[in-house]
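# Fold the following and give me the result.
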Amino acid sequence: MERAEAEAIYDAGRERCVEVLLELAASVERLRAQTGLLEERVRRLEQRSRQSSRTGSKPPSSDPPKTRQQRRVEARAKAKELFARDAERRRRAGGQPGDKGAGRPLAGEDRVDEFVDHYPDSCPGCGHEFADDEKVPSRRPGRRQVAELPPTTVVITEHRAHRLRCPACQRKTAARFPADVAASVFGPRLQAAVVTLTARNRV
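Here you go, the predicted structure:
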């Protein structure tokens, strides 16, 4: 409605103004009712589109076909959940400090392909930083072996956490294994192979 039309209705008197206002109010109510019906219809359609054989009573044959990428994403998510659940179970079932444990036995040194030595950077007692010439192998280092898949054969790397005596305060400090070494006894490529065999190949 333009200004000239509004002024003409106003000049027509009170009754005409009331009639126009009532007509406008009725039009607004009709639009509001139609909008509510459309919103309800959209909600039902969205709910119907989300339903599948897993979330409703529809048969599996009615589910839309999944793409290869969707199947890969679901398989990776399922494998990741299985690894997380297995890791949580191992943490809960872990022994107390000092227990011998029931994990994988260490392979003999003749089977180890590579040795990686780890030394502490500094003494936690006085803060002394160990120099390179002070980082000498200890007699009984902490040992942790990680098995990894190379292109043709399994390579076993033994990580040894050595202890050093601080020349300032005579306190012994043991090196800590890196986070990726302490997290699992299997390397990332071996883990990926296990995921492929279990999730994708159903082995």
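
# so how far is Leu149 from Leu106?
Distance, Leu106 to Leu149, by C-beta to C-beta, to the nearest Å: 19 Å. For the C-beta atoms, the positions are set from N, CA and C on the backbone; glycine is no exception.

# make that Asp86, sorry
19 Å.

# Kindly report the same for Ser49.
The spacing between Ser49 and Leu149, counted by C-beta to C-beta, is 43 Å.

# Between the two, point out the one with more neighbours.
Ranked by neighbour count (other C-beta atoms under 10 Å), Ser49 and Leu149 place Leu149 first, with 17 against 9.

# Isn't the more buried one up against Val194?
No. Applying C-beta atoms under 8 Å, one finds Leu149 not in contact with Val194, separated by 9.6 Å.

# State the pLDDT value of the spatially most central residue of the chain.
Centroid-nearest residue in the chain: Lys80, 7.7 Å away (criterion: C-alpha atoms, centre = their mean). Per-residue confidence for Lys80 comes out at a pLDDT of 85.

# That one: which element?
Secondary structure assignment for Lys80, by DSSP states H and E: helix 68-92.

# Output the contacting helices and strands for that helix.
If you count contacts as 3 or more C-beta pairs under 8 Å, 6 or more residues apart in numbering; DSSP states H and E, helix 68-92 packs onto helix 188-195.

# The helix it packs on packs against which elements?
For helix 188-195, the packing partners by 3+ C-beta pairs under 8 Å, 6+ apart come out as helix 68-92, strand 142-148.

# Following element in sequence after the last one, please.
On the C-terminal side of strand 142-148, the closest following helix or strand by DSSP H and E is strand 155-161.

# Mind listing residues that contact that following strand?
For strand 155-161, contacts defined as C-beta atoms under 8 Å, 6 or more residues apart in numbering pick out 106-107, 109, 111-118, 137, 141-149, 174-178, 181.

# Mind giving me the PyMOL command for buried ones among the residues you listed?
In PyMOL, this line selects whichever of the contacts of strand 155-161 come out buried by 16 or more other C-beta atoms under 10 Å:
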select buried, resi 118+141+144+145+146+148+149+175+177+181
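
# Kindly provide the distance from the closest residue in space to His118 that isn't next to it in sequence to Leu164.
Nearest residue to His118, sequence neighbours excluded (C-beta to C-beta, 6 or more residues apart in numbering): Ala175, at 4.1 Å. To Leu164, Ala175 is 8 Å away according to C-beta to C-beta.

# Check Glu29 too.
Taken as C-beta to C-beta, the span from Glu29 to Leu164 is 85 Å.

# Then Thr157?
22 Å.

# what about those two, which has more around it?
Leu164 (22 against 16).

# Please identify the helix or strand for the more buried one.
In this assignment (DSSP H and E), Leu164 forms part of strand 163-165.

# Lovely, talk soon.
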